[in-house]
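Asker: 3D model of this:
(one chain, ligands or ions: 1)
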Amino acid sequence: MKTFHYYIDGRFEDGEARFDSVDPSTGEVWANMPEARTADTDRAVKAADRALNDAAWRGLTAAARGKLLYRLGDLIEQNASDLADLETQDTGKIVRETKAQIAYVAEYYRYFAGLADKIEGRVVPVDKKDMDATTHNEPIGVVAAIVPWNSQLFLSAVKIAPAIAAGCTVVLKASEEAPAPLLAFAKLVHEAGFPPGVINIITGFGAECGRVLTSHPLVARVAFTGGPETARHVVRNTADNFAHLTLELGGKSPVMVFDDADLDSAANAIIASIFAATGQSCVAGSRLLIQRGVYDDLLARIVEKAKRIRIGVPSDFATEMGPLATRQQRDKIERVVAESLEAGATLITGGAVPQDMPQKGNYYLPTILDCRNTSASALTEELFGPVLAVSVFDDEDDAVAQANSTRFGLASGLFTRDIGRTSRMVKRIRAGIVWVNTYRVIAPSMPFGGYGDTGYGREGGVASIYDYLRTKSVWIYT
Ligand code: NAD
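Answerer: Alright, predicted model coming up:
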């Protein structure tokens, strides 16, 4: 069994308690993890606070901070294969996806490395005699970064990289469900040469470690990714310390296909939008809305492709879909599919556990539900699994009404060849991302975030670095 450590103040530690991590493809314990409770969480925040005020960090130039981030990006690239293997083992995400994703994790570190020395203040004209008025941008302080178990290396990069570029220090809490990739990443942080305490990486359970971290009086900003219910706790926790907040929460993203779309390319994108990462992605295109004229044609193409998806063990490069990360997750999916069928949905394919895979693993078949004219919960509830809820629409107004009908507003997809319609629809869709004739494209320079219950704030892009800065107004009487 593998044993992991966490990283506080430049040292690798055993943890004040320990817990086991289960391999989702076999249901067997494969590793033992350190658990931060109140004392270690507090120590990690205090280490970050000391580092913030220490000359070893505060005294570095912005360009030097950028160089450390570039070095971290290079180390991620050099160790990509090992990091991806660990993520596959701990989360069950298939190896061809974890390997592809690591490449752009390094790109996020490099993007923000390049921004470190482009943070400028301003000379501000004021109607006062003999007065110089300027603004300075200063690091906001200690940042608490909290991530869920899916895509942890990526979700932590969009928090750590801008925070460090801005001169902040960080305590990152890896998810208790699958902390291995981030605990291994801590070794790269150490090797890159950050001063002790600048980046601390712990793991522990939300109710104690997460609560202590987000309400800690020395924390100035919380960057949170997770579910809306957890986020409500986090918002309440920050009533104690008035920490600034970014919330990246769930989604129920609609993909709309109009009669004039290229159906072949739409079908390929739809399959990837929902079944990649076994549907465990915040931007999963989990609601498919098809215009009536092409409903049968498109649905037939998608069903045919879904049935051909190769389910297998996550470590095999030939596998196209692996298990869900936890048994709890699969139980929820089984419940919502059953409820949706009871509410009148029709099962088109899937809806069961594959019999030819290890039964202690958390496998579930790619599932498509025809939810036309129903109020099936598969149409409204975030499932975080390989379940596509399909419905029909008649015109643009109908598509917009259905697309905007959930409380979430993260991503959306639009398939049409009509430029006028594209322009009208883009303006009316209530979502932080609109992908037109494509899906799931990201870049470090593009903001990422949502509307409504998906939370607030944006990660990625130049503007996101200002979340980690605060403005000081300086008046000098000359
Ligand atoms: P979760 O909300 O259960 O847990 C997320 C993190 O919050 C974990 O590290 C957990 O330990 C911590 N936590 C739990 N209770 C806490 C508390 N009281 N105080 C502070 N921290 C606490 O989410 P999950 O099940 O691990 O992940 C799935 C959710 O994440 C889905 O809703 C998904 O849509 C969302 N997600 C969003 C994005 C995005 O960018 N919008 C990306 C990925 C995942």
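Asker: measure residue 470 to the ligand for me?
Answerer: From residue 470 over to the ligand the distance is 23 Å, taken as C-beta to the nearest ligand atom, to the nearest Å. Quick note: C-beta positions are derived from backbone N, CA and C, even for glycine.
Asker: The chain should start at 22 in everything you say after this.
Answerer: Sure, I'll start numbering at 22, so the last one becomes residue 491.
Asker: Next, that residue: secondary structure please.
Answerer: strand (DSSP: H, G, I helix; E, B strand; the rest coil).
Asker: In contact with the closest residue to residue 354 other than its chain neighbours, which residues are there?
Answerer: Among residues not flanking residue 354 along the chain, residue 406 sits closest, at 4.0 Å (C-beta to C-beta, 6 or more residues apart in numbering). By C-beta atoms under 8 Å, 6 or more residues apart in numbering, residue 406 lies in contact with 299, 300, 301, 345, 350, 351, 353, 354, 385.
Asker: residues near the first one, how many?
Answerer: By that I understand residue 299. 32 (other C-beta atoms under 10 Å).
Asker: quick check, it in a strand?
Answerer: No. Counting by three-state DSSP, residue 299 is not found in a strand; it is helix.
Asker: contacting residues for it?
Answerer: 113, 114, 342, 343, 344, 345, 385, 406, 407.
Asker: Now do the contacts for the last one.
Answerer: This points to residue 407. By C-beta under 8 Å, 6+ apart, the neighbours of residue 407 are 295, 296, 299, 300, 342, 354, 371, 385, 386, 387, 388.
Asker: ok, now how distant is the third one from residue 386?
Answerer: Taking C-beta to C-beta, to the nearest Å as the measure, residue 299 and residue 386 are separated by 11 Å.
Asker: Residue 157 pairs with what?
Answerer: residue 493 (DSSP bridges).
Asker: Compute the number of surrounding residues for it.
Answerer: 14.
Asker: Quick one, grab the pLDDT at it.
Answerer: Note for residue 157: predicted pLDDT of 97.
Asker: Just to check, it is in contact with residue 493?
Answerer: Yes. At 4.5 Å, residue 157 and residue 493 qualify as touching, with contact defined as C-beta atoms under 8 Å.
Asker: before we move on, the earlier item: separate out the buried members of the contacts of residue 406.
Answerer: 299, 300, 301, 345, 350, 351, 353, 354, 385 (16 or more other C-beta atoms under 10 Å).
Asker: wait, is the fourth one part of a helix?
Answerer: What that stands for is residue 345. No. The assignment for residue 345 (three-state DSSP) gives coil, which keeps it out of a helix.
Asker: any idea how far it is from residue 353?
Answerer: Distance of residue 345 to residue 353, computed by C-beta to C-beta: 9 Å.
Asker: Likewise for the last one?
Answerer: Residue 385 sits at a distance of 11 Å from residue 353 (criterion: C-beta to C-beta).
Asker: One more: the second one?
Answerer: Applying C-beta to C-beta, one obtains 12 Å for the distance of residue 300 from residue 353.
Asker: list residues touching both of those two?
Answerer: With C-beta under 8 Å, 6+ apart as the test, residue 300 and residue 353 both reach 404, 405, 406.
Asker: check contacts around the closest residue to the ligand within the stretch 172-321 of the chain.
Answerer: Scanning the stretch 172-321 of the chain for the residue nearest the ligand gives residue 227, at 2.0 Å (criterion: C-beta to the nearest ligand atom). If a contact means C-beta under 8 Å, 6+ apart, then residue 227 has 197, 251, 254 as its contacts.
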